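[1] Let's see this in three dimensions:
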Amino acid sequence: MTSSPTRSPLRRLTARGRDEAHRVASPLELFFDLCFVVAIAQAGAALVHAVAEGHAGEGILNYAMLFFAIWWAWMNFTWFASAYDNDDALYRVVTLVQIAGVLVLAAGVSRAFEDHEFLAVLVGYVIMRLALIAQWLRVARSTEGAERTMALRYAFGVLLCQVGWMGLVVLPEGGRPWVFLVMAVLEMCVPPFAERDHPTTWHPHHIAERYGLFTIIVLGETIAAATVAVKSGIDENDALDELLPIAAGGLLIIFAAWWIYFVVPIHGHLRSNRQAFLWGYGHYLVFASAAAIGAGLEVAVEQAVGKAHISTLAASSAVTLPTSLYLLTVWLLHSRYFKVGIAQQLVLPVTALLVICCTFLGDWAVLAAGIVAALAVVTGTTLTARTAAREREEPARAA
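    Residues are numbered from 1 along each chain as shown. The predicted model follows:
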């Protein structure tokens, strides 16, 4: 929705239509996404450091918790904006406040990883969530009946969950993973509870576009992180021969990840809240694994030049495991709804298994995984083309 100089800077925050034509992401939403990349980059860098130092288990756990906070805040804003973005002055200001909260959270990521100090992360999260509560209260003030009840449920649900997150600061370190698990489940229960009587009017095409754009941004951050790592390895260690297979394999993996995600138009599948919630929640694994691929490539580079205190097998698995998770999750959320026949359905699951097998190929593991991912794209494209050709031939035969 574009603003006009003749329109009032403050307007009622009422629902937009689900069948609204030509609905696209706004400049403010794109700016919002770019600022979130800062937090994702910080989480990825901290994961690299933890894995390279041989603390993979602890690093992955911290990464999972922090990435959930980042992703959940992004998702809350995205679905709210799809239903209620009126682009007035107050809406813009509150969104900019949410962006400020993201940056505060990003500033506290490294300390959360290294010292298990979550205060800065929590402060950033509080800023984001209080701004979201203010948006829902605006909706409640602008509406009535079941829609107003829904908005109030959202506001109080978010507020209660935010109180629960305080446990990450006040409870002993050993209890924090359990607090995270409980609070993550409670957070994901808020939308179904709030919308059980009155669903929000999110726009399917707009939501699909927003998730697609964020996927591109995450993959772009992955390429940037891997490129910087390769450049540093070449500049500091003159190790082009060792790094070239990693760079080539990583590029093939990322190209294949983009191709596989965008090969199908998913917005037609998002017809109900149940489908949309499962699809939206599943993207936690899509985004987290895509960002982790970049972290894994950095680990592989550091291991190749002797800066990481881990084995080649461990460094290879830092790339192949998130790649396999990405392939399986995209197949589960996207591709399986558009595949015809067992051969097409098996392409991505089999590819994920083969990528895991590549882990054991030593220095060539990343390159092999990239080739396997690229071959999956070729295979899937070929099978789809053959199916389309048969469908065109059948009416001709009948005639």
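[2] Quick one: residues contacting Gln98.
    Applying Cβ atoms under 8 Å, 6 or more residues apart in numbering, we find Gln98 in contact with Phe32, Ala73, Phe77, Ile127, Met128, Ala131, Leu132. C-beta: built from backbone N, CA, C; applies to glycine.
[3] check contacts around the closest residue to the fifth one other than its chain neighbours.
    If the residues on either side of it in the chain are set aside, Met128 comes closest to Gly101, at 3.6 Å by Cβ to Cβ, 6 or more residues apart in numbering. Residues counted as contacts of Gly101 (Cβ under 8 Å, 6+ apart) are Ala73, Gly124, Tyr125, Val126, Ile127, Met128, Arg129, Ala131.
[4] Show me which of these is closest to Leu251.
    Among these, Ala73 lies closest to Leu251 (Cβ to Cβ), at 30.5 Å.
[5] ok, Ala45 touching Ser110?
    Yes. Applying Cβ atoms under 8 Å as the test, Ala45 and Ser110 come out as touching, 7.4 Å apart.
[6] Run through the stretch 251-399 of the chain and note the low-pLDDT ranges.
    Applying pLDDT under 70 to the stretch 251-399 of the chain flags residues 267-268, 391-399.
[7] Nearest residue to Phe255 in space, please, no chain neighbours.
    Leaving aside its chain neighbours, Phe255 sits nearest to Ala374 (7.2 Å; criterion: Cβ to Cβ, 6+ apart).
[8] And that neighbour, how far from Thr381?
    Per Cβ to Cβ, to the nearest Å, Ala374 is found 11 Å from Thr381.
[9] swap in Val37?
    Distance, Val37 to Thr381, using Cβ to Cβ: 30 Å.
[10] cool, and Phe113?
    Phe113 is 40 Å from Thr381, by Cβ to Cβ.
[11] sorry, back to before: which helices and strands does the host helix or strand of the residue nearest to Phe255 pack with?
    Per DSSP states H and E: Ala374 is located in helix 365-398. Contact here means 3 or more Cβ pairs under 8 Å, 6 or more residues apart in numbering; DSSP states H and E; on that basis helix 365-398 packs against helix 240-262, helix 312-333, helix 341-357.
[12] rerun that using 10 Å as the cut-off
    If you count contacts as 3 or more Cβ pairs under 10 Å, 6 or more residues apart in numbering; DSSP states H and E, helix 365-398 packs onto helix 240-262, helix 273-304, helix 312-333, helix 341-357.
[13] List the buried residues in the helix or strand where Ile216 lies.
    Secondary structure assignment for Ile216, by DSSP H and E: helix 204-237. By neighbour count on 16 or more other Cβ atoms under 10 Å, the buried set for helix 204-237 is 204-215, 217-219, 221-223, 225-226, 229-230, 232-234.
[14] how close does Pro320 get to Val218?
    Not quite, residue 320 is Thr, not Pro. Counting by Cβ to Cβ, the gap from Thr320 to Val218 is 18 Å.
[15] nope, Glu242 is what I was after
    Glu242 is 27 Å from Val218, by Cβ to Cβ.
[16] cool, Ala69 as well?
    Ala69 sits 16 Å away from Val218, going by Cβ to Cβ.
[17] same thing with Cys161?
    From Cys161 to Val218 the distance is 25 Å (Cβ to Cβ).
[18] repeat for Phe118
    Phe118 sits 23 Å away from Val218 when distances are taken as Cβ to Cβ.
[19] do Leu160 as well
    Counting by Cβ to Cβ - Leu160 and Val218 are separated by 30 Å.
[20] got the contact list for the residue nearest in space to the middle of the chain?
    Against the mean C-alpha coordinate of the chain, by Cα atoms, centre = their mean, the closest residue is Phe287 at 2.5 Å. Phe287 sits next to 36, 40, 67, 70-71, 74-75, 211, 214-215, 217-219, 326, 329 when contact means Cβ atoms under 10 Å, 6 or more residues apart in numbering.
[21] got it, and Leu119?
    Residues in contact with Leu119 (Cβ under 10 Å, 6+ apart) are Gly108, Arg111, Ala112, Leu168, Val169.
[22] Of the residues you listed, which belong to strands?
    Counted as lying in strands by DSSP state E, out of these, is not a single one.
[23] Can you lay out those as JSON lines showing pLDDT and neighbour count?
    Putting these into JSON lines (pLDDT from 0 to 100; neighbours: other Cβ atoms under 10 Å) gives the following:
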{"residue": "Gly108", "pLDDT": "87", "neighbour count": "21"}
{"residue": "Arg111", "pLDDT": "84", "neighbour count": "15"}
{"residue": "Ala112", "pLDDT": "81", "neighbour count": "23"}
{"residue": "Leu168", "pLDDT": "73", "neighbour count": "23"}
{"residue": "Val169", "pLDDT": "75", "neighbour count": "14"}
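[24] and which of those is nearest Glu195?
    Within the contacts of Leu119, the smallest distance to Glu195 is 27.2 Å, found for Leu168 (Cβ to Cβ).
[25] so the closest one sits right up against Met183, yeah?
    Yes. Counting by Cβ atoms under 10 Å, Leu168 touches Met183, with 8.2 Å between them.
[26] what touches both of these two?
    Jointly contacting Leu168 and Met183 under the rule Cβ under 10 Å, 6+ apart are Met65, Ala69.
[27] for Arg271, what are its contacts?
    The contact partners of Arg271, by Cβ under 10 Å, 6+ apart, come to Pro204.
[28] Now do it against Trp279, distance only.
    To Trp279, Arg271 is 11 Å away according to Cβ to Cβ.
[29] cool, Arg11 as well?
    Distance, Arg11 to Trp279, by Cβ to Cβ: 31 Å.
[30] And those two? Which one has more around it.
    The neighbour comparison of Arg11 against Trp279 (other Cβ atoms under 10 Å) goes to Trp279, with 19 against 15.
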